[in-house]
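Visitor: Pasting the sequence and the predicted model now:
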Amino acid sequence: MPHTIVSDICEGVADCVNACPVGCIKPGPGKNSKGTNYFWILSETCIDCGICLQVCPVNGAVLAEERPDLQNINSLSGTEN
């Protein structure tokens, strides 16, 4: 099952981006509710390795389950959560 980055908890640290072996972590469009940049996981590409969960320094920003309702990717053209 793909992991989830909780858009409103993510602080845009981006340690997960370089650590992801399949490149499934993408920048969000704009800012989250805290006013910071955020990232999201492309669930179709995620291989459930858990590296993002291990490297993220922000408590609760990455979940080991697929929760599209917590990933704000609706603003991306042609992408749905």
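Guide: All right, it came through fine.

Visitor: In three-state terms, label the spatially most central residue of the chain for me.
Guide: For the chain, the residue nearest the mean C-alpha position is residue 40 (2.6 Å; Cα atoms, centre = their mean). At residue 40 the chain is in strand, as set by DSSP: H, G, I helix; E, B strand; the rest coil.

Visitor: what's the least confident helix or strand in this structure, going by average pLDDT?
Guide: strand 25-31 (a mean of 93; mean pLDDT, DSSP states H and E).

Visitor: circling back to that earlier point, measure the residue nearest to the centre of the chain to residue 55 for me?
Guide: As judged by Cβ to Cβ, to the nearest Å, residue 40 and residue 55 stand 16 Å apart. Any C-beta I mention is one placed from the backbone N, CA and C, and that applies to glycine too.

Visitor: repeat for residue 44
Guide: Counting by Cβ to Cβ, the gap from residue 44 to residue 55 is 22 Å.

Visitor: any idea which helix or strand carries residue 13?
Guide: For residue 13, there is no helix or strand it lies in under DSSP states H and E.

Visitor: just to revisit the earlier point, buried residues in the least confident helix or strand of the chain, which are they?
Guide: 25, 26, 28 (16 or more other Cβ atoms under 10 Å).

Visitor: how about the last one, what does it touch?
Guide: With contacts taken as Cβ atoms under 8 Å, 6 or more residues apart in numbering, residue 28 has the following neighbours: 7, 10, 37, 38, 39, 40, 72, 73, 75.

Visitor: From residue 47, how far off is the third one?
Guide: As defined by Cβ to Cβ, residue 37 lies at a distance of 24 Å from residue 47.

Visitor: Since that was my last question, I'll sign off now.
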